[in-house]
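S.K.: the amino acid sequence is not available; the structure is as follows:
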């Protein structure tokens, strides 16, 4: 079976601003099959920015589920994320979904997983996917040692990750809040 992979998602909250970036590459085994995938988008009346790593259909299913939870809980991201993670972990169908999600609004940045995790980073930097470690390390260094904006940091960090990770490219989608 061919393994589809290739995502780096990075969220940076810096100087009161939020930027979330995702690369555009999708790879099947050792072949790039798409260069301009959109893995970061806005949901819930454009108030929530989400980014996904994992199988596309699974990610879209989770996005729809999160949006339904946001509708139910009047846009409360933390409550919605906890309810989604609980359902994801306990539902027989959802448990099979292979994806990770970053969801952010004006106040919170969260990692949501199928293990029931809802994690808010201490330093406002969160990354997932194949190039996530490189992107997160670069972003952390840039927040400490430069005067760059959140958007500039995610752009630079994602480009660094693309230079290191063969499953990450420099075709970026960036959303800001």
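M.R.: Yep, that arrived. Computed from a predicted structure; not experimentally measured.
S.K.: tell me the phi and psi of residue 176?
M.R.: phi -130, psi 150 (degrees, to the nearest 10).
S.K.: wait, it sits on residue 149?
M.R.: No: counting by C-beta atoms under 8 Å, residue 176 stays clear of residue 149, with 9.2 Å between them. Quick note: C-beta positions are derived from backbone N, CA and C, even for glycine.
S.K.: between the two, which contacts overlap?
M.R.: 17, 19 (C-beta atoms under 8 Å, 6 or more residues apart in numbering).
S.K.: which other residues reach whatever helix or strand residue 81 lives in?
M.R.: Using DSSP states H and E, residue 81 sits within helix 77-90. Helix 77-90 is touched from outside by 48, 62, 65-66, 69-70, 72-73, 94-95, 97, 103-105, 107-108, 110, 112-118, with contacts defined as C-beta under 8 Å, 6+ apart.
S.K.: out of those, which end up buried?
M.R.: Buried subset of the contacts of helix 77-90 (neighbour count, 16 or more other C-beta atoms under 10 Å): 48, 62, 65-66, 69-70, 94, 97, 103-105, 108, 110, 112-114, 118.
S.K.: any residues touching the strand or helix carrying residue 66, and which ones?
M.R.: In the assignment (DSSP H and E), residue 66 maps to helix 56-72. Residues from elsewhere that reach helix 56-72 (C-beta under 8 Å, 6+ apart): 4, 26, 37, 39, 41, 43-44, 48, 50, 52-53, 76-77, 79-81, 83-84, 87-88, 94, 97-99, 101, 103, 112.
S.K.: that one vs helix 77-90, what angle?
M.R.: Taking axes from the mean of the first three to the mean of the last three C-alpha atoms, to 10 degrees, one finds helix 56-72 and helix 77-90 inclined to each other by 130 degrees.
S.K.: please pick the buried ones from the contacts of helix 56-72.
M.R.: For these, buried by 16+ other C-beta under 10 Å: 4, 26, 37, 39, 41, 44, 48, 50, 52-53, 77, 80-81, 83-84, 88, 94, 97, 99, 101, 103, 112.
S.K.: can you tell me which of these end up in helices?
M.R.: Cross-referencing the buried ones among the contacts of helix 56-72 against helices under DSSP state H gives 77, 80, 81, 83, 84, 88.
S.K.: tell me the one of these nearest residue 142?
M.R.: For these, the residue nearest residue 142 by C-beta to C-beta is residue 77; the value is 25.5 Å.
S.K.: any idea how far that closest one lies from residue 98?
M.R.: Residue 77 sits 23 Å away from residue 98, going by C-beta to C-beta, to the nearest Å.
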